[in-house]
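Chemist: here is my input, please return the structure:
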Amino acid sequence: MKKFIFTILLSVATNFSGYDLVSNPELKNVFICNSQNGKKYHFSKSCRGLNACRSNIKEITLENAKKLGKTICGWED
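Modeler: Got it, this is the predicted structure:
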């Protein structure tokens, strides 16, 4: 019985966590330099490409970053 419950809980946790990312990777969050000149998105807030950002760093979905015309940072490509 314990094994059965554990299997069910593991299945639910596995299916629930990351479900949206598996079915729609565009929902993944990325980071952008929130300035007029910022043209790239970054998967990591500590990305080397964000070092020159003199504005605030904003976390948005990948989908929204692409809608804003951002492209992937060359350091993360």
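Chemist: what's the local residue count around the closest residue to residue 45 other than its chain neighbours?
Modeler: Counting by CB to CB, 6 or more residues apart in numbering, residue 31 is the residue found nearest to residue 45 once chain neighbours are left out, at 4.9 Å. In this view, the C-beta of every residue, glycine as well, is placed from N, C-alpha and C. Burial of residue 31 is recorded as 22 neighbouring residues (other CB atoms under 10 Å).
Chemist: give me the beta-bridge partners of residue 31?
Modeler: residue 42, residue 59 (DSSP bridges).
Chemist: this protein: helices as residue ranges?
Modeler: Counting by DSSP state H, one finds helices in the chain at the ranges 2-16, 19-23, 62-67.
Chemist: quick one, what contacts residue 60?
Modeler: Residues near residue 60 by CB atoms under 8 Å, 6 or more residues apart in numbering: 29, 30, 31, 32, 41, 68.
Chemist: are any of the residues you listed buried, and which?
Modeler: 30, 31, 32, 41 (16 or more other CB atoms under 10 Å).
Chemist: turn the residues you listed into CSV, including pLDDT.
Modeler: Shown next, in CSV, are the buried ones among the contacts of residue 60 (pLDDT from 0 to 100):
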residue, pLDDT
30, 97
31, 97
32, 97
41, 96
